[in-house]
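Undergrad: Kindly generate the corresponding structure for this input.
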Amino acid sequence: MANPLVGIFRVKELRERVIFTALMLVVFRIGAVLPIPGINVRELSAYFLSQTNSGNPIVDYLDFFAGGAFSNFSVFMLGIMPYISMSIIMQLLLIVFPSLKKISQEEGGRKKIQGYQRIGTVVVCLIQSFAVTQYAQSISRSVPNLLSIGLVSFTIIAILTVTTGTMFLMWIGEQITRRGIGNGISLLIFAGIVARLPQAIWELIDRVRAGDLNLVFVIVVLVMFVAVVALVVFEQQGQRKIPVNYAKRVVGRKMYGAQNTYIPFKINPSGVIPVIFASSILTFPLQIASTIGGNVAWLAAVSRVLSPRGALYNILYVLLIIFFAYFYTQVSLNPIEIAKNIRENGGSIPGIRTERIEEYLTKILNRIVLPGSLYLALIAVIPTFIQWAFKFPSSISYLMGGTSLLILVGVDLDTMSQVEGLLKMHHHEGLTRRGRLRGRNL
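TA: Residues are numbered from 1 along each chain as shown. Now for the predicted structure:
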């Protein structure tokens, strides 16, 4: 087929998946601007406009990854982050408690774990939504007409509405994964970031016209942005191939000949997961501290110390990225299980004794994960560097690197690889004329 984009809509299955995904993302964006009942939207917009130059950096950070839903006080203002936070907690619990891991390995155990995870997500949502009501209460002191109903009524309605909104987003993400294209949860985060692009570009042009930003600095940052994107794509596609030889074996009445294959280890096996996990872990306490900080003095102090622009936040951010890079790699690529599968199938790695395969694979993974995690950490702190060195506003600097850039590139590669796979399954050419897209399930 001459045009692969036309081919997407000529294949019935692919066309239905793309349209379904697009409709679900439209629903997500509608919910991102639909305010919580009891909020005076006009007064809220006026408040955040007055805080443009002296806004709360933590609120700006939360609002960016929610696609503007946080500053709108919408039903989706918490986004999908409570679910991701609970996913991290559940992964840690599976390691800490062997009995819980045993349940997950039983028949139907995975559904039980998912049920526990959903219940935990509701608990996290209730805590974060209560913090949101406290934040609204602190704003209402300077904006008397912000709440159109009583404080108690607003607290109850807001908690129920925001929690329901996050659970509905969870359902949308699962439906996209099942009936659409790409990973649903990742696409929701992707859509929230992309939704902020037009506003960020317009703000950049407006500041250059007003003389607040030097045009030379803008060009330097844009060149840096293109270079980082190229490096991210290169790093996401790179892999280390471990050769594996299988001897002849007899299974039933059939004889299988010797095979030579390889195990592909990504340069960054965990993908963008460490960055998402690290940001989620830091976002949860930061949101509580920043939203309730107006009423509790020590929480206000924590909010100031752990500002996304501060040194302590970025040090913790880097350390968590490295930790989750090792943690998630061990969970997804367990050298013990890989070595066991190789031995059970009569395989061997050239030059490595059979009993030392596990040690060899662990050594290779450790060598790969360390530079990969440091690379992720370097990209993650680029927005802070841009804000500090070039005085860029947060809405623009967050797009120039860090979590947003890694998510944009990673989700795009993963979605394109799935589209290419479906096209080739229906005997069409892929999206690229040369090579092959290697996606990454986020």
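Undergrad: Could you list which residues are in contact with residue 188?
TA: Contacts for residue 188 (CB atoms under 8 Å, 6 or more residues apart in numbering) come out as 25, 28, 79-80, 169, 172-173, 176. Just so you know, the C-beta spots here come from the backbone N, C-alpha and C atoms, and that holds for glycine as well.
Undergrad: That one belongs to a helix, doesn't it?
TA: Yes - per DSSP: H, G, I helix; E, B strand; the rest coil, residue 188 lies within a helix segment.
Undergrad: Report pLDDT for it.
TA: On pLDDT, residue 188 comes in at 89.
Undergrad: Out of the contacts of residue 188, which is nearest to residue 391?
TA: Residue 391 has its nearest neighbour among those in residue 79, at 28.1 Å by CB to CB.
Undergrad: Neighbour-wise, which one of the contacts of residue 188 leads?
TA: Neighbour tally across the contacts of residue 188 (other CB atoms under 10 Å): the maximum, 27 neighbours, falls on residue 169.
Undergrad: close enough to count as contact, that one and residue 77?
TA: No - in this structure residue 169 lies outside contact range of residue 77 using CB atoms under 8 Å: 10.7 Å.
Undergrad: Show me what the one helix or strand residue 138 maps to is packed up against.
TA: If you go by DSSP states H and E, residue 138 is part of helix 109-140. Here helix 109-140 touches helix 81-96, helix 98-105, helix 151-179, helix 273-292, going by 3 or more CB pairs under 8 Å, 6 or more residues apart in numbering; DSSP states H and E.
Undergrad: What's the local residue count around residue 230?
TA: Using other CB under 10 Å, residue 230 has 11 other residues around it.
Undergrad: which stretches of the stretch 151-300 of the chain have low pLDDT?
TA: Residues of the stretch 151-300 of the chain meeting the criterion pLDDT under 70: 236, 248-259, 290-296.
Undergrad: One more pass at 90, please.
TA: The model of the stretch 151-300 of the chain has pLDDT under 90 over residues 151-155, 180-300.
Undergrad: Could I get the CA-only coordinates of stretch 280-288 as CSV?
TA: C-alpha atoms of stretch 280-288 as CSV (Å, rounded to 0.1, in the frame of the first residue of the first chain):
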residue,chain,number,x,y,z
SER,A,280,4.1,9.3,41.4
ILE,A,281,5.8,8.5,44.7
LEU,A,282,6.9,12.1,45.1
THR,A,283,3.6,13.6,43.8
PHE,A,284,1.5,11.8,46.4
PRO,A,285,3.0,13.4,49.6
LEU,A,286,3.6,16.7,47.7
GLN,A,287,0.0,17.0,46.8
ILE,A,288,-1.0,16.3,50.4
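Undergrad: Begin at 24 from now on, thanks
TA: Got it, first residue is 24 now, which makes that one stretch 303-311.
Undergrad: Other residues contacting that stretch?
TA: Applying CB under 8 Å, 6+ apart, the external contacts of stretch 303-311 come out as 81, 84-85, 88, 104, 107-108, 111, 147, 150-151, 154, 322, 325-326, 329, 331, 336, 339-340, 343.
Undergrad: list the buried ones in that stretch?
TA: By neighbour count on 16 or more other CB atoms under 10 Å, the buried set for stretch 303-311 is 303-307, 309-311.
Undergrad: Same check on stretch 157-166?
TA: Quick answer for stretch 157-166 (16+ other CB under 10 Å): 157-160, 162-163.
Undergrad: Give me the mean pLDDT for the helix holding residue 161.
TA: 86.
Undergrad: swap in stretch 42-54?
TA: Stretch 42-54 shows a mean pLDDT of 92.
Undergrad: what comes up buried for it?
TA: In stretch 42-54, counting by 16+ other CB under 10 Å, buried: 43-44, 47-48, 51-52, 54.
Undergrad: Which of those sits closest to residue 285?
TA: residue 44 (33.1 Å).
Undergrad: Report the buried residues of stretch 232-249.
TA: Residues 236, 241, 244, 247-248 are the ones in stretch 232-249 that count as buried (16+ other CB under 10 Å).
Undergrad: next one: stretch 287-304 to chain centre, how far?
TA: On the basis of CA atoms, centre = their mean, to the nearest Å, stretch 287-304 sits 9 Å off its chain's mean C-alpha point.
Undergrad: residue boundaries of the strands in the stretch 324-465 of the chain?
TA: 370-371 (DSSP state E, counting those that start in this stretch).
Undergrad: other SSEs contacting the helix or strand that contains residue 229?
TA: Here residue 229 sits within helix 220-233, counting by DSSP H and E. For helix 220-233, the packing partners by 3+ CB pairs under 8 Å, 6+ apart come out as helix 238-260, helix 417-420.
Undergrad: Can I get the longest one as CSV, trimmed to CA atoms?
TA: Taking only C-alpha atoms (Å, rounded to 0.1, in the frame of the first residue of the first chain), the coordinates of helix 238-260 have been written out as CSV:
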residue,chain,number,x,y,z
LEU,A,238,15.3,34.7,21.4
VAL,A,239,18.8,33.2,21.4
PHE,A,240,18.0,31.3,24.5
VAL,A,241,14.8,30.0,23.0
ILE,A,242,16.7,28.7,19.9
VAL,A,243,19.3,27.1,22.1
VAL,A,244,16.6,25.3,24.1
LEU,A,245,14.8,24.2,21.0
VAL,A,246,18.0,22.7,19.5
MET,A,247,18.6,21.0,22.9
PHE,A,248,15.0,19.6,22.7
VAL,A,249,15.5,18.1,19.2
ALA,A,250,18.8,16.6,20.3
VAL,A,251,17.3,15.1,23.5
VAL,A,252,14.4,13.6,21.4
ALA,A,253,16.9,12.0,19.1
LEU,A,254,18.8,10.5,22.0
VAL,A,255,15.6,9.2,23.7
VAL,A,256,14.6,7.5,20.5
PHE,A,257,18.1,6.0,20.1
GLU,A,258,18.1,4.8,23.7
GLN,A,259,14.6,3.4,23.5
GLN,A,260,15.4,1.3,20.4
